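*Asks:* Next comes the sequence, and after it the predicted model I'd like to discuss.
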Amino acid sequence: MTTDQQQEAFEFTSDWKQFAPIAFTNLLLCIVTLGIYTFWARTRERRYLWSNTRFIDDRLEWTGTGLELLIGYVLAIILFGVPVAALQFGLQSLAIRGYGAAAAGIGIALYFALLYMVGIAIFRALRYRLSRSYWRGIRGGSDSQGFGFGFSYLWRTIVGAFAFGLLVPWSMVSLWNQRWNAMSFGPMPFESNARVAPVFARYLLFYLTPIIMLVLFGVLAFLGFAGGIGQMAPTPQQLQQNVIFIAVGTYLLFFVVFGLIALVFYSAYFREVISQLTLGDLSFEFTATSWDWFKLVFGSLLLVVFTLGIGQIFVGYRNWTFFIRHMRAYGEVRIDTLTQSATREPGQGEGLLDAFDVGAF
C-alpha cells in the first residue's frame, strides 16, 4: 500500500446525523419494553457502525444477534449471579452468628472467584466480537475458552497490586498480550508484544498524583488553620469556612487533575499496545494524543450532563468512531491466501461481560 492508502486503511463513512434515528428509536423501544430491547438495540447499533466502517477496500459486517446477547446475559445471571447473591446472604448469616473468621475466609475466596470470572468475561467478549465481525466474508475468533486467561487475570491482578500498585502497568500490558495472542482472524493469528517501559513513566505520574494532592491539601489545611503566614489567627467562624473551602476545593481539584493524568496514561498505553499488535504482514498504529482523549471523554461527559442523560445514546457511537479515526494499518493483505477461520464460534453473547459491567477492548 502507498502512504496515502496506509493512512486511509480505516475509514468511517457516516456521521452522527445518520446515526441519530437509530439511537433515538433504540431509546424509545428500550423504554417501552422496560429494557428488554437493550440487547437488540446494541445489535442494531453495532450493525450500523460496522457497516459504515471500511477497512482497505471492503466494509465490516456484524452478524451477531440480540437473542445471542440475551441468552448470554440470562445464562450468566443464572450460573453466576444467583449463586453469588446466595453466598452474600450466607456470609451475613455467618457473621451475625459469630463466625466472623469463616465469613472473612469465604469472602476472600468469593472475591478471588469474581476476579477469575471477570477475566473470563473480558476474554470471551473479545472472542465473541471477533467471531461476529466479518471482512470479505472472513471472521475472527479463538479456540481458547478463556479459562486459562481467567487464572492469569486473577493472579496478575493481585501481583499488580504488590509494591504499592507499581506493577499495575506490567499486569495490564501482559494481560493484553496474552489475550490478543490467543486470537486470530481467518487463518492469521494476532501477535502482540507490547512493552511496559514506554508506559511506565506516564503511570508513575498517575500514581504520584494522589500523593502530591494529599501533600497539597495538608499545606492548604495548615495555612487555613494558621490564617496565613504573618497574619492573626482566624476566628472559629473563619476557621470553619477555611476548612470547608479547602476540603471542597481540593476534592474537586483532585478529580479533575486525577482524571486528566489518567487520560495521559491511557493515551500512552493504547499507543503502545496497538503499535505492537500485528496480524500476518499487517501492523497497526493508534494516533490519538492525550488531547484527543480529553476531547472524547469530556465531550461525552458534557453531552450526557447537558442533555440530562439522553446523550448517553451517542456515547457508543463516539467511542467507536474515535478508535476508527485514529487507527492506522501498514503492510500487505494477501487476499488470495485468506480462508475462513476454523475457530469455534461461541453460541451466545457477552453475558459475563454485561453481568460484571466491564469492557472487552
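*Replies:* Alright, I've got the coordinates.
*Asks:* Partner strands of the host helix or strand of Pro189, with direction?
*Replies:* Under DSSP states H and E, the secondary-structure element containing Pro189 is strand 188-192. Applying DSSP bridges, strand 188-192 is found paired with strand 184-185 (antiparallel), strand 277-279 (antiparallel).
*Asks:* Which strands or helices does the following helix or strand past the longest one pack on?
*Replies:* Think strand 277-279. Next along the chain after strand 277-279, taking DSSP H and E as the criterion, comes strand 282-286. Judged by 3 or more CB pairs under 8 Å, 6 or more residues apart in numbering; DSSP states H and E, strand 282-286 is in contact with helix 236-275, strand 277-279, strand 327-330. No exception for glycine: its C-beta is placed from N, CA and C like everyone else's.
*Asks:* what does the average pLDDT come to for strand 282-286?
*Replies:* In this model, strand 282-286 has a mean pLDDT of 95.
*Asks:* so how far is it from its chain's centroid?
*Replies:* 20 Å (CA atoms, centre = their mean, to the nearest Å).
*Asks:* now the angle from it to strand 188-192?
*Replies:* In terms of direction (axes from the mean of the first three to the mean of the last three CA atoms, to 10 degrees), strand 282-286 departs from strand 188-192 by 40 degrees.
*Asks:* Do you have the strands of the stretch 1-150 of the chain handy? List them.
*Replies:* Shown for the stretch 1-150 of the chain, the strands assigned by DSSP state E, counting those that start in this stretch span residues 10-12, 53-55, 58-62, 133-135, 138-141.
*Asks:* which parts of stretch 53-60 are buried?
*Replies:* Residues of stretch 53-60 classed as buried under the neighbour-count rule (16 or more other CB atoms under 10 Å) are 53-56, 60.
*Asks:* Using TSV, lay out the residues you listed together with pLDDT and distance to Leu67.
*Replies:* Listed next are the buried residues of stretch 53-60 as TSV, based on pLDDT from 0 to 100; distance: CB to CB, whole Å:
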residue	pLDDT	distance to Leu67
Thr53	96	24
Arg54	95	28
Phe55	93	27
Ile56	89	32
Leu60	96	21
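*Asks:* if I pick Gly141, what's in contact with it?
*Replies:* 127, 130-131, 183-184, 341, 343-345 (CB atoms under 8 Å, 6 or more residues apart in numbering).
*Asks:* Make CSV from these and add pLDDT, distance to Pro83 and neighbour count to it.
*Replies:* Formatted as CSV, the contacts of Gly141 follow (pLDDT from 0 to 100; distance: CB to CB, whole Å; neighbours: other CB atoms under 10 Å):
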residue, pLDDT, distance to Pro83, neighbour count
Arg127, 92, 24, 27
Leu130, 93, 29, 20
Ser131, 92, 27, 20
Met183, 96, 30, 23
Ser184, 94, 33, 21
Ser341, 78, 34, 21
Thr343, 80, 30, 19
Arg344, 75, 26, 13
Glu345, 75, 27, 12
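*Asks:* Can you add distance to Gly150 and give the strands of the stretch 1-150 of the chain back as TSV?
*Replies:* TSV is the format used below for the strands of the stretch 1-150 of the chain (distance: least, CB to CB, whole Å):
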stretch	distance to Gly150
strand 10-12	31
strand 53-55	30
strand 58-62	26
strand 133-135	23
strand 138-141	18
